[in-house]
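Peer 1: sequence and predicted structure, then a few things I'm wondering about:
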Amino acid sequence: MKNNNFENLRIIPRLDIKGTNVVKGVFTEGLKVVGDPKKLATRYYKEGADEIVLMDIVASLYQRNLDFDLLKSVTDGIFIPITAGGGIRSIGDIDNAMRAGADKVAINTHFIKNPRFLSEAVHKFGAQCVVLSVEAKRVGPSEWEAYTDGGRERTGRDAIEWIRKATNLGVGEVVITSIDHDGTRKGFDTELISAITSFATVPVVAHGGGGNYKTFSDILELARPDALAAASVFHFQDYTISELKKYLSKAKFNVRL
């Protein structure tokens, strides 16, 4: 297992975009509008978010690009790293996302369809800018399948082996979403995250299932990801990012207060 002492533990709110709105569902389905992306991003920035992830969750499904104008409006005035994704299918798309204010670009669907593009992106922009986004659904004991198009399309590809291949190809970070836990607030998929952190040599961001404070400390203790991403608990104001950080700090996790 990689040596993770949580020196740079990050708390990352995630904004799932459909059209011009932030939406949230359960198991990546039943999407409901929860707010304006600019207002939410600004709120989370002020609350002490370490980064923000912004994902257009229907761009690949509808075969269109990320809305770069929307991205630019969200990033303006926010001075923490922003990872953007959704509908990224070319080097030009990555370049446009960077010009619109993204620090990193997360790609799922097109990497699976064309792994060579992953290597091209890393070569052009550097591993630190290229994030592998994986949506995984349990299909058996200790077995998960990778999905694409916002968790709608099966790939037949083993999620763990795909992550292993992608890290070998040079991707700089992995954002892993558990479809089975997404939006439930019942806790992260410890077994899934542990299966990845056991071999990953790049930062792993766990997403899907964040609920009460204990769900965050549990996944940190049991699976040791490098960062935690959440949406529902922040969107619906169960607590603020700063409140979560204070709890984790008291639990002896090193967070930036």
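Peer 2: Noted; the coordinates are in hand.

Peer 1: now stretch 14-25: average pLDDT?
Peer 2: What stretch 14-25 shows for mean pLDDT is 93.

Peer 1: in it, what's buried?
Peer 2: For stretch 14-25, burial by neighbour count (16 or more other Cβ atoms under 10 Å) applies to Arg14, Leu15, Asp16, Ile17, Lys18, Val22, Val23, Lys24, Gly25. The way it works is simple: take the backbone N, C-alpha and C, and place the C-beta from them, glycine included.

Peer 1: give me the beta-bridge partners of the fifth one?
Peer 2: Here Lys18 sits in beta bridges with Asn21, as judged by DSSP bridges.

Peer 1: for Gly85, same thing?
Peer 2: Note on Gly85: beta-bridge partners Met55, Ala106, judged by DSSP bridges.

Peer 1: tally up the residues packed near it, please.
Peer 2: Counted with other Cβ atoms under 10 Å, residues neighbouring Gly85 total 25.

Peer 1: okay, now the unreliable bits of the chain?
Peer 2: 1-7, 29-30, 60-63 (pLDDT under 70).

Peer 1: mind running it again at 50?
Peer 2: Applying pLDDT under 50 to the chain flags residues 1-3, 5-6.

Peer 1: can you pull out the strands in it?
Peer 2: Secondary structure of the chain (DSSP state E): strands located at 10-18, 21-26, 29-35, 52-56, 82-85, 104-107, 130-140, 143-148, 153-158, 173-178, 204-207, 227-230.

Peer 1: out of the ones you listed, which gets nearest to Thr240?
Peer 2: Ranking the strands of the chain by proximity to Thr240 (Cβ to Cβ) places strand 10-18 first, at 10.3 Å.

Peer 1: that closest one - contacts with which helices or strands?
Peer 2: If contacts are counted by 3 or more Cβ pairs under 8 Å, 6 or more residues apart in numbering; DSSP states H and E, strand 10-18 sits against strand 21-26, strand 29-35, helix 37-47, strand 52-56, strand 204-207, strand 227-230, helix 241-250.

Peer 1: could you give the angle of the fourth one to strand 173-178?
Peer 2: Right, strand 52-56. 60 degrees (axes from the mean of the first three to the mean of the last three Cα atoms, to 10 degrees).
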